[in-house]
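>>> Quick check, what structure comes out for this input:
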Amino acid sequence: MSQRRVLEQELAPVVRGLPETEVERDRVREQLERILAHPLFTHSKRYPLLLRWVVERALEGRSGQLKERTLGVEVFGRHPDYDTNTDPVVRITAGEIRKRIAQYYHEPGRDNEVRIDLPCGSYVPEFHRPPQSERLAPSPVEILPIIDPPPVPKARPLKPAYLAVLALPPLVWLVVWLFSATPVDRFWRPFLDSNGSVLLCIGGTGIAEEVAATPPPNSQTITVTDQIKREYVAFSDAQTLSRLAGLFQAKGKPYSMRIGAATTFADMRNGPVVLVGGFNNGWTMRLLSQLRYSLARDPATRVEWIEDRQNPSKRDWVVDSRTPNLKLTDDFAIITRVLDPATERMVVVAAGIMQYGTIAAGEFLTNSKYLDQLAKQAPSNWQHKNMQVVIATKVINGNSGPPSIAEVYFW
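The predicted structure follows:
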């Protein structure tokens, strides 16, 4: 054994309840698989990755490696010199794991299972035998094998191929995780891996008069009724907002919601932002005015279109807002993901010409089927690039159809 390994073991924190036999360690691993198979963990990549890592290192007697910086580097691929204060990915993930473990064991029927805990302020797990096995212990010094818990419904035996994957080295585990991520995970990774919460900013009613201006703050003299009117939102925008909120909820990413008129520049700089709505969201119009694809309109004719600055005469994506609602057959939208140079924050835009385009944009952004189609047209490493996507949707009797990609642009 190397001198470094000996030193690590000497300085390693004590693991409470550490199994002493291979049979007991197998019981803990089986319990870990039960926990990770629960819906509390199956909808996330980070939580199972970190929990499996700390449990395995503890069972191997390598608890000395369970420190924040080491976990950030070896589990989440951070640079060895990364700042743990500005990038608290380990602390945030561990906090979520603790909450989910508590929820798991709070469910009925868990009393007879081995308990795996991650104590607050530590990344060293603890292991606890079921209460009945503790009561049967004839003396404090005698250690009984961990009792096999009752089978969990729907639990499936691990296949040999899967067991082989569990034995992979840490860095290979990270590669497996990255390549197994869904297109939704890859598109939203800059948001899901960011610090703090995501701001969902929804447009109000009407057309933004000053499309490039900062939305004004609420006046001190505005009445309650006027404030309610300012907070009216289109149902289509609310649908898209709900889809996006559900996505972040499922991924365990905290978020907040604000209406565009009440959002300040300081709010936009606090973290990543998702802008919902087009002409009715001044922040959307401000950002798109600097990019290749933007929303344009002719107030005189009430014709609106998506403008391509590299081909200004192009009019492939046009909607006449005077068209009777039930006779409208096509709508279009701009999806944008870009690092905003003004706020230095990542921003995603879901902006339709009409309401049907915004609904289609929300569906596109939350469905792996459509984002997979985008990935097939994208350059390598696309998940780290700025992008704009023009999408089209058919409208039938006032209902939007599935989105389809009309044009893409990466830089």
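>>> what packs against the host helix or strand of residue 319?
In this assignment (DSSP states H and E), residue 319 forms part of strand 318-320. The helices and strands touching strand 318-320, judged by 3 or more Cβ pairs under 8 Å, 6 or more residues apart in numbering; DSSP states H and E, are strand 303-308, strand 330-340. (C-beta placed from N, C-alpha, C; glycine too.)
>>> Can you list the neighbours in contact with the shortest one?
Outside of strand 303-308, the residues within contact range by Cβ atoms under 8 Å, 6 or more residues apart in numbering are 279, 292-298, 314-321, 332, 334, 353-354, 390.
>>> so that strand versus strand 330-340, what angle?
When axes from the mean of the first three to the mean of the last three Cα atoms, to 10 degrees is applied, the directions of strand 303-308 and strand 330-340 differ by 40 degrees.
>>> which of the residues in strand 303-308 are buried?
303, 304, 305, 306, 307, 308 (16 or more other Cβ atoms under 10 Å).
>>> Centre of the chain to that strand, how far?
Counting by Cα atoms, centre = their mean, to the nearest Å, strand 303-308 is centred 31 Å from the centre of its parent chain.
>>> before we move on, back to that, which stretch among the helices and strands packed on strand 318-320 approaches residue 80 most closely?
Residue 80 lies closest, by Cβ to Cβ, to one member of these: strand 330-340, at 25.0 Å.
>>> Looking at the helix or strand that the closest one is followed by now, give me its mean pLDDT.
Sequence order places strand 345-352 as the next helix or strand after strand 330-340, per DSSP H and E. For strand 345-352, the mean pLDDT works out to 96.
>>> Give me the contact list for the helix or strand following strand 345-352.
Using DSSP H and E, the next helix or strand after strand 345-352 towards the C-terminus is helix 355-365. With contacts defined as Cβ under 8 Å, 6+ apart, helix 355-365 is touched by 187, 234-237, 239-241, 243-244, 247, 276-278, 328, 331-335, 348, 350-352, 370-371, 389, 391, 393, 395, 399-403.
>>> Break the protein down into its domains, please.
What automatic domain parsing lists as the domains of the chain is 3-179, 187-410.
>>> okay, those, which one's buried deepest?
domain 187-410 (a mean of 18; mean count of other Cβ atoms under 10 Å).
>>> So for that one, first residue to last residue, what's the gap.
13 Å (Cα to Cα, to the nearest Å).
>>> Run through the stretch 151-300 of the chain and note the low-pLDDT ranges.
Applying pLDDT under 70 to the stretch 151-300 of the chain flags residues 151-180, 205-221, 226-230.
>>> which residues in it form helices?
In the stretch 151-300 of the chain, the segments counted as helices under DSSP state H, counting those that start in this stretch are 160-166, 170-180, 183-192, 224-230, 235-250, 265-268, 282-288.
>>> Which residues are in contact with residue 244?
Counting by Cβ under 8 Å, 6+ apart, residue 244 touches 200, 274, 276, 350, 362, 365, 366.
>>> Tell me the one of those residues nearest residue 38?
Top of the list for closeness to residue 38, among the contacts of residue 244 and by Cβ to Cβ, is residue 366 at 23.0 Å.
>>> from memory that closest one sits against residue 183, does it?
No - using Cβ atoms under 8 Å as the test, residue 366 is too far from residue 183 to be in contact (10.8 Å).
>>> between the two, what contacts are shared?
Common contacts of residue 366 and residue 183 (Cβ under 8 Å, 6+ apart): none found.
>>> Check the gap between the residue nearest the centre of the chain and residue 302 for me.
Centroid check for the chain by Cα atoms, centre = their mean gives residue 192 as the closest residue, at 3.8 Å. Distance of residue 192 to residue 302, given as Cβ to Cβ, to the nearest Å: 40 Å.
>>> Strands of the chain, start to end?
115-117, 126-128, 198-202, 255-259, 273-276, 293-298, 303-308, 318-320, 330-340, 345-352, 387-396, 399-400, 404-410 (DSSP state E).
>>> can I get those strands in TSV with distance to residue 85?
TSV is the format used below for the strands of the chain (distance: least, Cβ to Cβ, whole Å):
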stretch	distance to residue 85
strand 115-117	26
strand 126-128	27
strand 198-202	20
strand 255-259	22
strand 273-276	23
strand 293-298	38
strand 303-308	42
strand 318-320	48
strand 330-340	22
strand 345-352	18
strand 387-396	31
strand 399-400	45
strand 404-410	33
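>>> re earlier: would you mind giving the helices and strands packed on strand 318-320 as CSV with distance to residue 266 and mean pLDDT added?
Shown next, in CSV, are the helices and strands packed on strand 318-320 (distance: least, Cβ to Cβ, whole Å; pLDDT from 0 to 100):
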stretch, distance to residue 266, mean pLDDT
strand 303-308, 30, 96
strand 330-340, 14, 96
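>>> Let me know which of those strands is the nearest to residue 25.
Across the helices and strands packed on strand 318-320, residue 25 has its closest neighbour in strand 330-340 (44.3 Å, Cβ to Cβ).
>>> And that closest one, what does it pack against?
Against strand 330-340 (3+ Cβ pairs under 8 Å, 6+ apart) you get helix 282-288, strand 293-298, strand 318-320, strand 345-352, helix 355-365, strand 387-396.
>>> Go through those and name the closest to residue 90.
Of those, nearest to residue 90 by Cβ to Cβ is strand 345-352, at 21.1 Å.
>>> Please consider this matter closed, and thank you.
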